Structure formats: C-alpha cells, structure tokens
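*Asks:* can't give you the sequence, but here's the structure:
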C-alpha cells in the first residue's frame, strides 16, 4: 500500500512538470506566430546586463532602450567623432551661467501617436531626476521650464558649459507621459525611436520591439523587429551566437576569438573604446614621490605587447591619456615607450640597485617590492596586472598581485594598502573635455595633485569657446602626463561577434555601452 | 524550529556580507552606473535612500523586524521589493529544479537497481564508471561539454533562455548529474545490503518468483534510505542552480543571487539565501513525512519514545 502511495507521489510530480512544460510550449507557439505574421526580418541581440524594467530612469534599461533597441532618443547625441549632433533638439544656447534653452523638433510623435513637445520633455526629465539617484550628480539638471510649445529652458544646479553633452547621456532618454498609468506607475516605454516596444517579459528580461511607421527620420533597413535577450555571462553569449540563437553579441571571451574568427558563419569586430585601463601609484608612499621611480616603472612595461599579445588585439596602445580619436585628446605628449634599460638606469639614479645579489633591486637594505591591486569586472585587468608582474621581474622589481571586487579595491586605495592600482574608467561617458581629467586626475584617490592641472580644468569648465576648451584640456593633459602619477596603460577594446548576415553595424566609441544603429540590416 | 533556522541563517549572512571588504554604497553605484559615477554626491544619495548611514546593528534590527512582518526590504540594485523580484524568478528556478530532480530519479533509481541485480557483471561495471565520471567533473565543465556536443554539434537543443520546451533539457540534465551519481551509488549499495539479508533467502526458499522478491522485499526495504538522500540532494540542486542558471542564461533566482552579491545588495542576498534555506528545510520536512509514510517503523519508534 505504502509503495503505491510513493509511486503515486512520483507520478503526480511527473504530471506537474509536464503541465509546466505544456504552459511554456503554448506561449512559444504564440510568439512564433507573431514573428511570422509580420513577415519581416528580426534582428536578435544579446544585452550584457540584466534588465528588469523598461523605465529609462533605470540606467540599464535606458541603455538598452536607447542604444540597443532603438526605442528611445535623447535631445542631443554624440557622433563617432565625439561631436554633439541634434536629435530631438534642433539647436541650443546658453542663456546664463545656470540656464540653457533648447529648441525641439516639431515633427515628432511618440509611438502611441501623442505629440512630442516641451511639456513632455519637462515631465520626462523631471521624473528621471527624481527617480534616478545618479541623474543630478551626472547632469547637474535642477529643473525644466516650458518656454513655448517647442522650447524648453533647463536650469542647472551649478554653472556649467557642458549641458548639451549631459543631455546626450542615456539616462535623459525621452519617453511620453503616457508611459505611466494614473498612479504614476511605469507601464511601458513609449519613446520616439525607430522601433516601438511590443513586449517585455519581466521574468526573463526578453524585450521585443517592431518598426514604428511614424518615425521622424530616414531609416534604411529591411529589419522589421528586434528581440533583445539579457545574457550576463560572456561565455553564454558566445555560445548562443554559435548556436544561431542571436545575431549580435558584445564582449565575447578572449578565448573564443580564434574559434569565431576562423568560422565562415560569424564575423568578429574589434574596436577601441573611449574607456581606459590606467595605473595609479600610491603617491603617499615615499618611493613613489620620486618621479624617476614612477617613470621607470612605465618604461618597464611593453604597452604594445600587452595590447597585441595579452589582450589579443582587443584594445589599443595609448598615445597619451585618452583615445586619439577624441578631438581634445593630446597625443603630443611623452608616452614612455618600452625601454627596460632606461627603466633600470632611472631606478639606479633613484638609488635602487641589487646590492645583495638576490636578483631584486634594493635601497638602504630594503627590497623594492610592489603590490598591484585590481578588480574582476573588466576582462583585461587581471591579464594586464600579470603581464606587468613579468615586466617588473625583468628589471628586478619584486611584484605581487591581488585581484578583488571593485568596491573592495576602492577600500584598499582609501586605506592606502597598496602600491599600484589598475583601474578602468570611461573617458567619454558624456562628451566633455574636462570629464575624464576631473574624475581621474583632479578628484584622484591616490594622492596625486597638481594645482596647475586643477586650475586649467576649472578654466576649461568655465570656457564657452569649444576650441579654447580643447586647448586648455590638452594643456592639462600634458602636465598630468609629465607628472606620471596616473597613466593610461592601454585603451579598452570592445569585441563583437556577429552572425554573417549582419550588415551596417558600426561601433560608436561615444556610446554608453554599444549602439546598434537603426540602419543595421540582415542580409 | 524552521523559523529559528531561517533566522540564524539570515543573521549569519547579514553580518558576513558586512565583514566582506568594500563599501555597500560604492558597490551599488558601481554596479548601477559604472566606475565614473562613483562620486560623493551619488554615494550620499544611495546611502540616504537605503539608510546605509546608520550603524550595522540598527540596519540589521530594522531588517529583521520588517522581515518578521513579511517585508524583506527593497533591492538596492533593482530599486524594487525583494519579494517581487524573487516572485518573478522563483517559478523558473523551481521548474528547473523539479525537472532536474525528476531526471535524476528516473535515471538513478533504475540504474542503481539494475547495477545491483547485475552485481559485478558488465552493466554494473559500466554504470559504476559512468557514476565515477559524472561525480568527478565539475558542473560548469559538464555544462560546456553538453552545450558543445548536444547544441553546437548535434543542433538538438538551444543553449540560452527558456523560450522553447527544449530549453530546459540541458540545464536540467547538468544540474541532475551530480545527484544521479550519489543516488545511483546509494541505491546500488542499499539494494545489495538488502539482498544479503536472511529474509530474502527465506523468500526465495518460500518459492516466490524473482520479480515478486525484487518488488515486495528488496525494493521496498532498499528505498527508504534513498529518500533521505534524495532530500539532501535537492538542497544541492538549489545551490547548483546558481551556477547553472548563469551558464544557460536561465532567468531564475541564481542570476539574481550573483548580481546581488556583486552589488553587495544585502536585502536581495538575504532574500535569495532565505529562499534556498527555506527550500532546504521544507524538503527535509517532506522527506521526513514520506519516510514515515513508507516506513512505519520510524513512526512507531517516534511514538514509543513519547
């Protein structure tokens, strides 16, 4: 009898699961029919972050909606030359230290047919200001006034000459006031982009959108819908591409590059990005207060070999602190090209010699030992740190490495428990000649400080003339590079895997993550 | 009893998260907005929003008091209630876990039974080698091999998401392998043990048919220990799902858990740990009940003690 009960329990469990499987198979059938009904091409893209809402006040969602899905747009956008171009705003002008006026396009409608106008922009930006905790700190937007139906005035929390760059930030993507219900709860992203949201599965993060016929711009593609799937694991993305489940994936593991490059079914595209990998010395330690030691350790590293052999070509050799395509990047600076002899010479001048014959340099009886700390999230960090350890060993510097979470690394830096830290930062999060200098050099956390750099950055921030801004930024970069307290060791590379039918996919280094242009097509 | 265990697990987790290096607000801003958004203003906003400026004990007390009323807090990473986020993802994890469990039972029990009946014959040797292999290789490696063979080469199954009914096969199979190994071994050992008992000889001597002996006497006595093992294994399934879900982009609690750890999202970490701990405790309870149902001796001995 009891055994029968047990068998009965097992049968019930099997039935439950078949019922569950049945549910999923019926929903699958529904999606299949919708795809065939539209009778067009579907572009399938893997998004490397988890998206749990389509509310642009959430940065992951905003990045997916604006750059990957093409559902939302911003007032201004930065082209691949880092120049600001009109998008939903046609022109802009600074009217006082803390106010800017933007003229809006008058021929735009939201996906539900409602009119795009100043009221909608005011509602949207002020909502994002309240909902996104990094909004104010990143854009300095305090409030928005409606001047007339197609003109807005933006008031900033502090004087800024760089607001147009700030409103190209994904977190300022515009959605219609009809995106929320009567209780103010966000329901659906109703944007102005070339594609409109048709479905969002909040449990899996799968987002579906199709072409919007009333789009204001000219678009030339045979793709009629896009499906975006969240895949946070790099290997999972690569495997999904290889199994024909997606057409575009970003950041595939370095170990898969060869397999994908050698296949006829896929294309691999590598690009340099505006993100950097940079080393910071702990300037509070006496050893790094000597400029010769700081420079010697840069000469000891073969930057070209790191990019080509360690990062497998995913990245670039820096010609200064910033990517050279950036119009305000100063490439006329000393890049401390690989020269181990010079490194040894400089260290000897600073008093570091191998006096006890143990193969390591020492001074006053103390061995020159360096602890490099770095973090896990960026794929190149650990590799670059390991290569550095090798280069330092060649010149007789004993090196240890610790790789950890980013927040743990920040804590060690704060407590001064390190010698060198390998970090990474976006230099064009918003196209601004002061952004990177301000974040990494002026507000440095390693004890680096130069009054002259601070002064130039402040002047640059205050200047309203673009050319003058670029010149001031370049001057500050030259001084900071000469100080060598912080230096860019490699440019961060983006690598994409594409199925062979994908055409017109171009990379824009000014993007927050990566942009899938409206014109991207499937052959 | 269960509540006590959960409270202890939650408390341990809470303080463990806090002693790991790194500041919570920094981790949250980094995960949400990237390295360059980590400035004093953004950090202050996040700290204020989630009361991170208060002492750890105050934060803990507040969390525990709310948790007892069923409010598990708001996720720092997603800015949504933890219960809502877990509610979205838990059904997927359960679906994967139950399927993996059924796979393992359907494969391991027959394998163990036949191995025992074919003791020291060819089938037994092959099954023992199979068990050795499946238990020796780490799940993430098995997952990749299964993907390469069954998906990329044979084109039988998708490797990501849960769009088609076929999607569940590879993740569930990977998840069940470790369990199959242990259960098969236990089943085989338990069968062999029972088969050596005197009462089996008596049954044979009585002239019962082989099938009757196997079903009525051997299986019936060999299965109860297996149920306890199965119960413990389900706990491993919940833990293993964290890794497997990530590899197969399966939208379950595992993905939430990993993201929560990266962002030091304490309320979400607590939520995920509680779900796993509760699952473990509940399964053990169910196991005890089933065990008592099919083996009355336990029930009687329990009552006798009273």
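*Replies:* Arrived safely. Keep in mind the model is a prediction, meaning the values are calculated, not measured.
*Asks:* Could you pull up the contacting residues of residue A:472?
*Replies:* Residue A:472 makes contacts with A:433, A:456-457, A:459-460, A:463, as judged by CB atoms under 8 Å, 6 or more residues apart in numbering or on different chains. For the C-beta atoms, the positions are set from N, CA and C on the backbone; glycine is no exception.
*Asks:* Mind telling me what element the residue in chain A positioned nearest to chain B is part of?
*Replies:* Using CB to the nearest CB, the closest approach of chain A to chain B is made by residue A:407 at 3.2 Å. Residue A:407 is part of helix A:406-415 when elements are defined by DSSP states H and E.
*Asks:* Where does residue A:461 fall, secondary structure wise?
*Replies:* Using DSSP H and E, residue A:461 maps to helix A:451-462.
*Asks:* got the buried residues for the helix or strand just after that helix?
*Replies:* Later in the chain than helix A:451-462, the nearest helix or strand by DSSP H and E is helix A:466-483. Across helix A:466-483, burial judged by 16 or more other CB atoms under 10 Å in any protein chain shown covers A:469-478, A:480-481, A:483.
*Asks:* Partner strands of the next helix or strand after helix A:466-483, with direction?
*Replies:* As assigned by DSSP H and E, the chain's next helix or strand after helix A:466-483 is strand A:486-499. Strands that pair with strand A:486-499, judged by DSSP bridges, come out as strand A:248-250 (antiparallel), strand A:266-281 (antiparallel), strand A:315-316 (antiparallel).
*Asks:* Show me the contact partners of the first one.
*Replies:* Pointing back at strand A:248-250 there. Under CB under 8 Å, 6+ apart, the answer for strand A:248-250 is A:43-46, A:48, A:231, A:237-238, A:240-241, A:494-499, A:502, A:505, A:513-514, A:516, A:520.
*Asks:* Run through the helices of the stretch 251-400 of chain A in chain order.
*Replies:* Under the criterion DSSP state H, counting those that start in this stretch, the stretch 251-400 of chain A contains helices at A:257-261, A:286-289, A:291-299, A:303-305, A:340-349, A:380-394.
*Asks:* I'd like those as CSV, with distance to residue B:100, mean pLDDT and mean neighbour count appended.
*Replies:* Converted to CSV, these look like this (distance: least, CB to CB, whole Å; pLDDT from 0 to 100; neighbours: other CB atoms under 10 Å in any protein chain shown):
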stretch, distance to residue B:100, mean pLDDT, mean neighbour count
helix A:257-261, 29, 88, 15
helix A:286-289, 53, 94, 15
helix A:291-299, 51, 96, 22
helix A:303-305, 46, 96, 17
helix A:340-349, 55, 96, 18
helix A:380-394, 33, 95, 19
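*Asks:* hmm, back to that, the helix holding residue A:461 vs chain B: in contact?
*Replies:* No - Helix A:451-462 is not in contact with chain B by CB under 8 Å from any CB of the partner chain; minimum separation 15.0 Å.
*Asks:* how much does that helix deviate in direction from helix A:466-483?
*Replies:* Between helix A:451-462 and helix A:466-483, the angle comes out at 160 degrees (axes from the mean of the first three to the mean of the last three CA atoms, to 10 degrees).
*Asks:* Let me know the average pLDDT across helix A:451-462.
*Replies:* Average pLDDT, helix A:451-462: 93.
*Asks:* ok, back up a step: any chance of the helices of the stretch 251-400 of chain A in JSON lines, plus distance to residue A:84?
*Replies:* What follows is these, written out as JSON lines (distance: least, CB to CB, whole Å):
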{"stretch": "helix A:257-261", "distance to residue A:84": "34"}
{"stretch": "helix A:286-289", "distance to residue A:84": "38"}
{"stretch": "helix A:291-299", "distance to residue A:84": "34"}
{"stretch": "helix A:303-305", "distance to residue A:84": "31"}
{"stretch": "helix A:340-349", "distance to residue A:84": "42"}
{"stretch": "helix A:380-394", "distance to residue A:84": "29"}
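*Asks:* Turn those into TSV, columns for distance to chain B.
*Replies:* Conversion of those to TSV gives the following (distance: least, CB to the nearest CB, whole Å):
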stretch	distance to chain B
helix A:257-261	10
helix A:286-289	22
helix A:291-299	22
helix A:303-305	21
helix A:340-349	29
helix A:380-394	11
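*Asks:* List the backbone torsions phi and psi for residue A:402.
*Replies:* Main-chain torsions, residue A:402, degrees, to the nearest 10: phi -130, psi 120.
*Asks:* I appreciate the help and will end here.
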